[in-house]
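*Asks:* all I have is the shape, not the residue letters:
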DNA sequence: CTTTTCATGTAACAAGTTACATGATTTG
DNA sequence: CAAATCATGTAACTTGTTACATGAAAAG
């Protein structure tokens, strides 16, 4: 149930509407925890029902701004401290297991494509890193650590795919 | 819909029952694409209904052995060639974004735990790698490539978590 | 005054999890 | 013959996706 906690986490900093949060999920959280509009609005309603968040302000066009409650913050901390992150599925890797059913050229095309994707992501993250002025606020520290993860991960994927390409020989 | 294709992929090599496949999901695919018993049996029934697999043999205790059909193999190839792997969610990373709500010590505990998990996984994969006699069969090649991914990924996670630990200072 | 953006909601479906239920066969 | 293992099935629930629907307000 991580979406729930992602929403709580985003509301720590400042109140926001579903619409605001949707944009965050479309940008900074897009590669980490994608969520759809319908899911976000639904979950916000449930969070408000259980009083982990409250509607703190109503704006124009039916806008509802949510604020994290003390109970909500406590729940976020509990999740971080007491629960283990679930292991992640990897579609990219699953496919590798079955590349033997393709021709070597088709398999290389797949790996080549993965290398290209990883390279592109790595470039984007590197440039994002360069464009931010990091200070030593909490937000910066952990944002910087998360971004570093993305950069290391995409570099690893790129290098692995390039190495794997050399392993697939024609018959 | 990757579970579907994971099952097709496993049936490429030889026929198997739901029970056999469940064991594979519990071991070699456990870290790549976990699936539950209930999910596997359900999906096998659907796959048989759409004739991507067939019941090729009935054994004792109601055992049903499934075999991949030509249509099933074609569908597996189509999936590999024509569809893009979906992006993966990362619970581990999501949590990093919110570590600022914990004390520095609690945040370090989290990162320390991640480092330990990654180290353990890396050791396991390294020893698994050492215990296999790799030849140049298709199966070996792609199995080897997949295992290499696991090793590089776990090493990356370990190194990242250890680096991150040095970034979290007390106030 | 038309288009774009803001803003929320819901219905239908697919995928994944947990728990329960059942019974046959093999092993000690 | 008791316990472990083999083997499948299903029901209830949660999570995630796609698509449709509606309308207010701001911008040009």
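*Replies:* Noted; the coordinates are in hand. Quantities reported herein were computed from a predicted structural model and do not represent experimental measurements.
*Asks:* relative to residue B:142, how far out is the residue most central in space within chain A?
*Replies:* What sits nearest the mean C-alpha location of chain A, by Cα atoms, centre = their mean, is residue A:32, with 1.1 Å. Counting by Cβ to Cβ, to the nearest Å, the gap from residue A:32 to residue B:142 is 28 Å. From N, CA and C alone the C-beta is placed, and that goes for glycine too.
*Asks:* ditto for residue A:38
*Replies:* Residue A:38 is 38 Å from residue B:142, by Cβ to Cβ.
*Asks:* mind giving me the domain ranges of chain A?
*Replies:* A:2-82, A:91-167 (automatic domain parsing).
*Asks:* of all these, which one is nearest residue B:28?
*Replies:* domain A:91-167 (8.2 Å; Cβ to Cβ).
*Asks:* what about that closest one and chain B, any contact?
*Replies:* Yes: using Cβ under 8 Å from any Cβ of the partner chain, domain A:91-167 comes into contact with chain B via A:91-102, A:106-107, A:109-110, A:114, A:136, A:138-139, A:141-146, A:148-150, A:152-153, A:156, A:159-160, A:163-164, A:167.
*Asks:* nearest spatial neighbour of residue A:156, chain-adjacent residues omitted?
*Replies:* Spatial nearest neighbour of residue A:156, excluding adjacent residues (Cβ to Cβ, 6 or more residues apart in numbering or on different chains): residue B:156 at 4.5 Å.
*Asks:* likewise residue A:144?
*Replies:* Take residue A:144 and drop its neighbours on the chain: the residue closest to it by Cβ to Cβ, 6+ apart is residue A:134, 5.4 Å away.
*Asks:* count of residues packed around that neighbour?
*Replies:* Residue A:134 is flanked by 12 other residues according to other Cβ atoms under 10 Å in any protein chain shown.
*Asks:* and it, that one's in a strand?
*Replies:* No: looking at residue A:134 with DSSP: H, G, I helix; E, B strand; the rest coil, it is coil, so not inside a strand.
*Asks:* what's the spacing between it and chain B?
*Replies:* Look at residue A:134 and chain B: by Cβ to the nearest Cβ, to the nearest Å, they are 11 Å apart.
*Asks:* got a list of what that residue touches?
*Replies:* By Cβ atoms under 8 Å, 6 or more residues apart in numbering or on different chains, the contact set of residue A:134 is A:140, A:143, A:144.
*Asks:* need the contact list for the first one.
*Replies:* Contacts of residue A:140 were listed using Cβ under 8 Å, 6+ apart, and they are residue A:134.
*Asks:* tell me which parts of chain A are close to DNA strand C?
*Replies:* Along chain A, the residues adjacent to DNA strand C under the rule Cβ under 7 Å from any atom of the strand are A:17-20, A:22, A:37-38, A:41-42, A:44-45, A:59-64, A:89.
*Asks:* try 10 Å this time
*Replies:* Residues of chain A found near DNA strand C (Cβ under 10 Å from any atom of the strand) are A:16-23, A:36-45, A:48, A:55, A:57-66, A:86-87, A:89, A:91.
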